[in-house]
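Q: here are the coordinates; sequence isn't available:
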């Protein structure tokens, strides 16, 4: 029987034991993406969840960037009851997902591009997935959640080919990979490491009225003067 081609749609291919260990440790990194319809904007978008964290020698983290490696704004943060779970929601016509797993100082990485196929005859588009980089058995010879914690956020794992030669990750994704590396070393993680807070929007898209944040800003300005 022909071996099924790896598509990367569901994220890193984790064995059942790894899934069980992550669940038992309380680490929830949601790699699945979905296609959603925005009624007011009359468009489809791809939805992802920045999530994950670390407990001891195990970490799993998922985050997102645009296709050029630039930071995306999240729609809103998620204040989960527990740690190492959901952190923020992102919506975009296309994005790149970074899915990283750590066991000790060994790292697995999957970077994939997610976009929408063209819509024909009003049908719902399907998500298209492209594998951009697959890193297997990468190494960081530092204790990034212990004595070398100060260097977390500036380090990425070194990955090797099957022949033992270093494999360079794309330069434009270095910043998000540093953030993901920090994420899989963040003990009891409760915040997003790479998606950024939205800029203040002065108008409520639905009604044309000032948003609550904008009204508060206006009142603060008036009080200051």
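A: Nice, thanks for sending it over. The model shown is predicted, which means the values in this text are computed figures rather than measured ones.

Q: any idea how far the spatially most central residue of the chain is from residue 118?
A: Nearest to the centroid of the C-alpha atoms of the chain, with distances taken as C-alpha atoms, centre = their mean, sits residue 63, at 0.9 Å. Distance check for residue 63 against residue 118: by C-beta to C-beta, to the nearest Å, it reads 27 Å. Every residue, glycine included, has its C-beta placed from N, CA and C.

Q: at which residues are the strands of the chain located?
A: If you assign secondary structure with DSSP state E, the strands in the chain sit at 34-38, 43-55, 58-65, 76-77, 86-92, 95-103, 106-116, 127-139, 159-160, 166-167.

Q: give me whichever of those is most buried.
A: Across the strands of the chain, averaging neighbours per residue (mean count of other C-beta atoms under 10 Å) puts strand 58-65 on top, at a mean of 27.

Q: how long is stretch 84-102 end to end?
A: Terminal residues of stretch 84-102 lie 14 Å apart, using C-alpha to C-alpha, to the nearest Å.

Q: got the contact list for the nearest residue to residue 125 once chain neighbours are set aside?
A: Among residues not flanking residue 125 along the chain, residue 116 sits closest, at 4.2 Å (C-beta to C-beta, 6 or more residues apart in numbering). With contact set as C-beta atoms under 8 Å, 6 or more residues apart in numbering, residue 116 has these partners: 35, 44-46, 93-94, 125-128.

Q: what's the pLDDT at residue 116?
A: According to the model's per-residue confidence, residue 116 sits at a pLDDT of 93.

Q: please tell me how far it sits from residue 50.
A: When C-beta to C-beta is applied, the distance between residue 116 and residue 50 equals 20 Å.

Q: swap in residue 133?
A: Applying C-beta to C-beta, the value for residue 133 to residue 50 is 19 Å.

Q: residue 138 now?
A: Separation of residue 138 from residue 50 (C-beta to C-beta): 21 Å.

Q: ditto for residue 153
A: Using C-beta to C-beta, we find residue 153 at a distance of 16 Å from residue 50.

Q: of the contacts of residue 116, just say which sits nearest to residue 190.
A: Distance ranking of these against residue 190, using C-beta to C-beta, places residue 46 first at 25.0 Å.

Q: where in this protein is pLDDT low?
A: Along the chain, the parts satisfying pLDDT under 70 run over 1-4, 119-122, 201-225.

Q: which parts of the protein belong to which domain?
A: Each structural domain of the chain that the record assigns through automatic domain parsing is listed here as a residue range: 16-194, 201-225.

Q: can you get me the start-to-end distance on the longest one?
A: Meaning domain 16-194. 28 Å.

Q: and stretch 167-175, what's buried?
A: Of the residues in stretch 167-175, 169, 173, 175 count as buried by neighbour count, 16 or more other C-beta atoms under 10 Å.

Q: now stretch 7-23
A: Neighbour count says stretch 7-23 has 8, 11-12, 14, 18, 21-22 buried, by 16+ other C-beta under 10 Å.

Q: quick check: bridge partners of residue 44?
A: With DSSP bridges as the criterion, the beta-bridge partners of residue 44 are residue 37.

Q: residue contacts, it?
A: Contact analysis of residue 44 by C-beta under 8 Å, 6+ apart lists 35-38, 93, 116, 119, 124-125.

Q: can you redo those residues as JSON lines with distance to residue 157?
A: What follows is those, written out as JSON lines (distance: C-beta to C-beta, whole Å):
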{"residue": "35", "distance to residue 157": "31"}
{"residue": "36", "distance to residue 157": "32"}
{"residue": "37", "distance to residue 157": "37"}
{"residue": "38", "distance to residue 157": "36"}
{"residue": "93", "distance to residue 157": "30"}
{"residue": "116", "distance to residue 157": "31"}
{"residue": "119", "distance to residue 157": "38"}
{"residue": "124", "distance to residue 157": "38"}
{"residue": "125", "distance to residue 157": "34"}
